[in-house]
Each structure stands twice: as C-alpha cells, then as structure tokens.
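Enquirer: Okay, predicted coordinates and the sequence, questions at the end:
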Amino acid sequence: MPSTALPTTDDLRARALTALERIGVTVPEGTGLPARTPITGENLLGLTASTACDADQALAATRAAFLTWRTTPAPRRGELVRRLGESLREHKSDLADLVTIEAGKIRSEALGEVQEMIDICEFAVGLSRQLYGRTIASERPGHRLAETWHPLGVAGVISAFNFPAAVWSWNTAIALVCGDTVVWKPSELTPLISLACAHLLARAAEETGAPRDVHRLLLGDRTIGETLVDDPRVALVSATGSTRMGREVGPRVAARFGRSLLELGGNNAAVVAPSADLDLAVQGIVFAAAGTAGQRCTTLRRLIVHRDIADGLVERLAAAYRKLPIGDPFDGTTLVGPLISTAALDGMRDALARARAQGGEILAGGDRRLADTAPHAAYVEPAVVRVAEQTGVVREETFAPILYVLTYDTLDQAIALHNDVPQGLSSSIFTRDQREAEIFLSAEGSDCGIANVNIGTSGAEIGGAFGGEKETGGGRESGSDAWRAYMRRATNTVNYSSRLSLAQNVSFP
Ligand code: UN1
C-alpha cells in the first residue's frame, strides 16, 4: 500500500518548475489564473488569463498563418508534426510529471498519455502523404470526376482536464497536417501542461520553418471558449467535455454554419456473459472502472452481468476494490490517484446518496481517504454499487469512480439495458461465445461509437476513430478517416473533350 504521506505543495511546485524549465518554458507569472494540483488540492503558481483582446489577436494571427500553411505541401506540413513528436519523446518524463501534478494521474497513465501524443504524431506524419480523395467514374465521355481535400481554416480546440495533453494532440497533429491552424483553449485546471505542449510546438515550428502562428494557446475560462464558438474565423470547433457543454456549443456553432466536432459524456457499460473468462474480466473491469480514478470519458460505469454469475463476480470485484492502493500518484504502487477537486468528490457522494435512495446497495468503497493529510484534495475509494434497475442516477454520467452493477437473463435484455442510456461512447462484452460477441458488435447490438470484446471500455488506441453517438455528440477524432472533419471536400468535374455534354442526358442546344 502507498504510504499516507503525500508530497507537499512546495515539492510539487519545485517538480513542476523543474519539468517546465527542462522543457524550456518560462512561466509567465501573474494573477487571476491559478495553477493547482489535485494531489494536495492547493495552488502551485499564479498565471494570467488571456483577455478578449488576446483571443481576437490569436484568431487574426492564426487566420493569417492559415493562408500560408494551406499552400504548404502536406508532406512538408508533416515535418512540423514529426518534429513535435520527436520533442514529445525527448521530454516524455517531464511532460508526464506535469500531467500527474495537474490532473493527478498515476505515473504509468501519465506516461501513457504522453505516449498517446507521440503515437498520434506518428500517425499524422504518415497521414500527411495519404490525404486521399477518390476518382469517380463519370457518365460523360471525355470527363474526369474526382474529389479533392483542402485545408479548412482555423480549428478551435477546447479540451478537458482529464486528458489535458492527448486530446489536444489528437486534434492538433491531425489539423496541422490537414493544413489548418489551431487555437487551443485547454481546461483552466491544467494550464502548465498546456504551456509545455504549446512551447514544444512553437519550437518545432521554428525549427522546421513553419509559420509562427500555426498554433496559439489561450488560457482562461469559458468566455475564451465562447469566443472560439462564436467567431466566424473559427472554421471548426472541436470540443471535448460534458454533454451540458456540448449542448451549448453545438447549436451556437451551427447557428453561424460553422463545423463542430463534439466529444461529450459517456456512460459506458460492459456485458459479462456466463461463458466469460472471469479472471480476464475482473482485470479488465477494475482498470476500466477504477483506473484514472473514474475520470476518463471512456470509464466503465455500468456492468451488466448474467444472473448466474453475478454474485460471484461482484464478490471478486469488491475484494479487488478493497485492495486498490489509493494515494500519491507519484508513488509507484498507487493505482488510484486523487479526484480533480473536492467538487468532484461532492458529485460522487451525491450520486451515491441518490443511488441508495433509488434502491442501490453500496458493496465496496465510496469513503473519502486522506482527508486529514490533505483536506483540500479529494481521495476516494472507488465504489461498486448493486442496483436492481437502471434508475435515474445510473443513466447519468458522474465523473468519478462509481461502478453500477445490473443483472440480466437474456442477451436481448442485456443489449436493451446497455443501449437504454442517453450517451453512446464506449462499450464491451466479455464472452467466449462467438455468436454473442458478434451480435453485440452488429447493427442490433451496442449503439456506441466504440464496441469491444474481452477488453474494457477505456484505453482506445489512436489508430481507430474515437468518439460516440447520441449525447456523446457524434464526433470522431484521432485515427482512421477522422481527418476528414478537419478538411473541406471539393468535387471536381474536368471536361478534357472538345464537346460540351450535359449530365442526365439533358439537351440544351
Ligand atoms: C477521454 O477520456 O477524454 O480511450 C479520452 C481512452 C483514451 C482517451 C480517453 N485513449 O480511454
């Protein structure tokens, strides 16, 4: 078990400043925007928030840079992203420190987040030579019909605290090779890792001769985000966060006919069938539900277990939960770090109280830890709650480690329960029955953007498109052909004959 001693805020401040210095960032000290750590819940430094004037200037600069960047050949644009990926690799450990200090992730997950950034850079570099359009058979003689993909404009990236760097990199690496420029508004809770990422990209731009303003960082609260949402110079708003946020962003961007890419809440479930390999299932479930202290959008929040195996599985889970080492995320034995804030802890407690009032039984966890040592931090035992039906609280996303367990008798019932929530991000089934697995992945199975077999709901690789349906917002980021959201498509008809022939056999002599 990790010791109950936590690093002091002074230790963490020194560690953050060392990491920033090695990365090459001079921290612009100020007031108004604190940099804070959830490890102690205390402030590290004071920073200055960007103003409306800064935002306007950033948009003007990135728009101007776009006019150059869009005509830079895509493989040359890839050189910038390759250099970014190299410097992320060089500074992997320091970047991971900042992720741990500001988001509270355990070391292995923080390193994993930086790895995810390196991976998407490599993907994007390859993509820079593969922005393929189609050629299409023309119905007219002497004509060529084809489609071309062009850069779109300035992409506004709004990201959340829980993946403070990786979500930026998915958007930015792809947007840059697609010929877009980027304005980034990160979570107010993670300004230091944002400064580090922006600095490394600026340096990569300088080293590769890319325009200085291919990327701008704006630190601040929602008013900065609102500027990106409402300003017609922002061609694409890619926003990651709560469904409540997306409900505001989507219609506002649409009202000005802008494009939006939304990655919103998940309420991810796993079905555990009678034939499941339970050793594997327990491991997969505990990582997906309690990992990252339940603060991934892909976190496993609902378990739908066959009645015949439910009691045994729940017992094993409760036993595994009781052994979870909770505490200092820098301690190599810790598996569960802090929640981002005491407000998140209040949200969890409120959800547990509602679950109990709605007939749920808390089988493990739910208690606060380390309250004496760190009164401003929010360490909590991940909770397992047995519920008889999918009541109101189970249908909501609470951004904390609560796993609701439901039982089923038939696969149809399991799938119906699975899909009967407003969100549609990630899902999985644990089974050794191929027929069940295929049904779960089929059109009548999971309605999510991500559907897995014999692994949990979280921890997707960057090669696939990432995102989900329904209240998750419908956007797709990262791999596969998600790049198309960052470009505009032109359909080209070229007549290389000396006759004008009209489509659909129209005659107009
Ligand atoms: C998020 O929580 O916003 O699939 C992103 C995963 C990670 C990304 C999560 N690759 O869990």
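Expert: Everything's here; your move.
Enquirer: quick one, what contacts the closest residue in space to Val167 that isn't next to it in sequence?
Expert: Of all residues not flanking Val167 in the chain, Ser159 sits nearest, at 4.5 Å (CB to CB, 6 or more residues apart in numbering). C-beta coordinates here come from the backbone N, C-alpha and C atoms, glycine included. By CB atoms under 8 Å, 6 or more residues apart in numbering, the contact list for Ser159 reads Val167, Trp168, Asn171, Trp184, Lys185, Pro186, Ser187, Thr240, Gly241.
Enquirer: Return only those of those residues found close to the ligand.
Expert: Val167, Thr240 (CB under 6 Å from any ligand atom).
Enquirer: Among the contacts of Ser159, which are located in strands?
Expert: The strands, defined by DSSP state E, take in Trp184, Lys185, Thr240 from these.
Enquirer: tell me which element Leu363 is part of?
Expert: strand 361-364 (DSSP states H and E).
Enquirer: list the helices and strands that strand packs on?
Expert: Applying 3 or more CB pairs under 8 Å, 6 or more residues apart in numbering; DSSP states H and E, we find strand 361-364 packed against helix 307-322, helix 342-357, strand 383-386.
Enquirer: can you do 7 Å?
Expert: Packed against strand 361-364, as judged by 3 or more CB pairs under 7 Å, 6 or more residues apart in numbering; DSSP states H and E, are the following elements: helix 307-322, strand 383-386.
Enquirer: Strand partners (parallel or antiparallel) of the last one?
Expert: So the one you mean is strand 383-386. If you go by DSSP bridges, strand 383-386 pairs up with strand 361-364 (antiparallel), strand 402-408 (parallel).
Enquirer: and that strand, how far out from the chain's middle?
Expert: 25 Å (CA atoms, centre = their mean, to the nearest Å).
Enquirer: now swap in the longest one and tell me
Expert: Using CA atoms, centre = their mean, the distance from the centre of helix 307-322 to the centre of the chain it belongs to is 30 Å.
Enquirer: what does stretch 378-397 give?
Expert: The answer for stretch 378-397 is 22 Å, by CA atoms, centre = their mean.
Enquirer: buried ones in it?
Expert: 378-387, 390-391, 393-394, 396-397 (16 or more other CB atoms under 10 Å).
Enquirer: ok, which pair from those is furthest apart?
Expert: Distance extremes for those: the farthest pair is Tyr379 and Gln390 at 29.0 Å, using CB to CB.
Enquirer: How about the residues of the stretch 201-350 of the chain by the ligand?
Expert: Thr240, Arg296, Cys297, Thr298.
Enquirer: ok, for the third one, nearest residue in space, not its chain neighbours?
Expert: The shortest distance from Cys297 to any non-neighbouring residue, by CB to CB, 6+ apart, is to Gly266 (4.8 Å).
Enquirer: same check, this time on the last one
Expert: Ranked by CB to CB, 6+ apart and with sequence neighbours excluded, the top spatial neighbour of Thr298 is Ser458, at 3.8 Å.
Enquirer: How is that neighbour classified with respect to secondary structure?
Expert: Three-state assignment for Ser458 (DSSP: H, G, I helix; E, B strand; the rest coil): coil.
Enquirer: Could I get the contacting residues of it?
Expert: Ala288, Gly291, Arg296, Thr298, Thr299, Leu300, Ser426 (CB atoms under 7 Å, 6 or more residues apart in numbering).
Enquirer: mean confidence for the helix or strand hosting Leu261?
Expert: Using DSSP H and E, Leu261 sits in strand 259-263. Strand 259-263 comes out with an average pLDDT of 98.
Enquirer: The longest helix anywhere in the chain packs against which elements?
Expert: Identified as the longest helix of the chain according to DSSP state H is helix 107-127. Helix 107-127 sits against helix 74-90, helix 92-103, helix 166-177, with contacts defined as 3+ CB pairs under 7 Å, 6+ apart.
Enquirer: Not counting its own residues, what contacts the first one?
Expert: Surrounding helix 74-90, the residues in contact under the criterion CB under 7 Å, 6+ apart are 69, 95, 114, 117-118, 121-122, 124-125, 128-129, 131, 173, 176-177, 179, 200-201, 203-205, 207-208, 210.
Enquirer: Also stretch 307-315?
Expert: Contacts for stretch 307-315 (CB under 7 Å, 6+ apart): Val272, Pro274, Leu278, Val305, Leu363, Val384, Arg386, Val405, Thr407, Tyr408, Asp409.
Enquirer: how far away is the fifth one from the ligand?
Expert: By that I understand Leu363. Distance of Leu363 to the ligand, given as CB to the nearest ligand atom, to the nearest Å: 25 Å.
Enquirer: ok so, going back, quick one: strands adjacent to the following helix or strand past the strand holding Leu363?
Expert: Going down the chain from strand 361-364, the next helix or strand is strand 368-369, by DSSP H and E. Sheet pairing of strand 368-369 (DSSP bridges) gives strand 379-380 (antiparallel).
Enquirer: hey, what's the nearest residue to Ala460 once chain neighbours are set aside bridged with?
Expert: The shortest distance from Ala460 to any non-neighbouring residue, by CB to CB, 6+ apart, is to Phe466 (5.6 Å). With DSSP bridges applied, Phe466 shows beta-bridge pairing to Glu477.
Enquirer: quick revisit: from the contacts of stretch 307-315, keep the buried residues only.
Expert: Among those, those classed as buried by 16+ other CB under 10 Å are Val272, Val305, Leu363, Val384, Arg386, Val405, Thr407, Tyr408.
Enquirer: correct me, but the last one touches His418?
Expert: Spelled out, that is Tyr408. No. The pair Tyr408 and His418 fails to qualify as a contact (CB atoms under 7 Å) at a distance of 9.0 Å.
Enquirer: Overlap in contacts, the two.
Expert: Joint contacts of Tyr408 and His418 (CB under 7 Å, 6+ apart) are Ile304.
Enquirer: can you list the weak-confidence ranges in this structure?
Expert: Applying pLDDT under 70 to the chain picks out residues 1-4.
Enquirer: what kind of secondary structure is the nearest residue to Leu84 once chain neighbours are set aside in?
Expert: With CB to CB, 6+ apart as the criterion, Leu84 has its nearest non-adjacent residue at 4.4 Å, and that residue is Ala204. The three-state assignment at Ala204 reads helix, by three-state DSSP.
Enquirer: what does Leu45 give?
Expert: Going by three-state DSSP: Leu45 is strand.
Enquirer: so what's it closest to, chain neighbours aside?
Expert: Closest to Leu45 by CB to CB, 6+ apart is Ala35, at 4.5 Å.
Enquirer: same thing with Ile326?
Expert: Val336 (4.4 Å).
Enquirer: Isn't the one you found up against Tyr321?
Expert: No. The criterion here is CB under 7 Å, and Val336 misses it with Tyr321 at 9.6 Å.
Enquirer: More neighbours: which of these two?
Expert: Higher neighbour count among Val336 and Tyr321: Val336, with 26 against 22, using other CB atoms under 10 Å.
Enquirer: Now for the more buried one: which residues touch it?
Expert: So Val336 contacts Ala290, Ala293, Leu324, Ile326, Pro382 (CB under 7 Å, 6+ apart).
Enquirer: And the residues you listed, which is closest to Pro151?
Expert: Among the contacts of Val336, and counting by CB to CB, the member closest to Pro151 is Ala293, at 38.7 Å.
Enquirer: State whether that closest one is indeed within a strand.
Expert: No. According to three-state DSSP, the state of Ala293 is helix, so it is not within a strand.
Enquirer: Brilliant, that's me finished.
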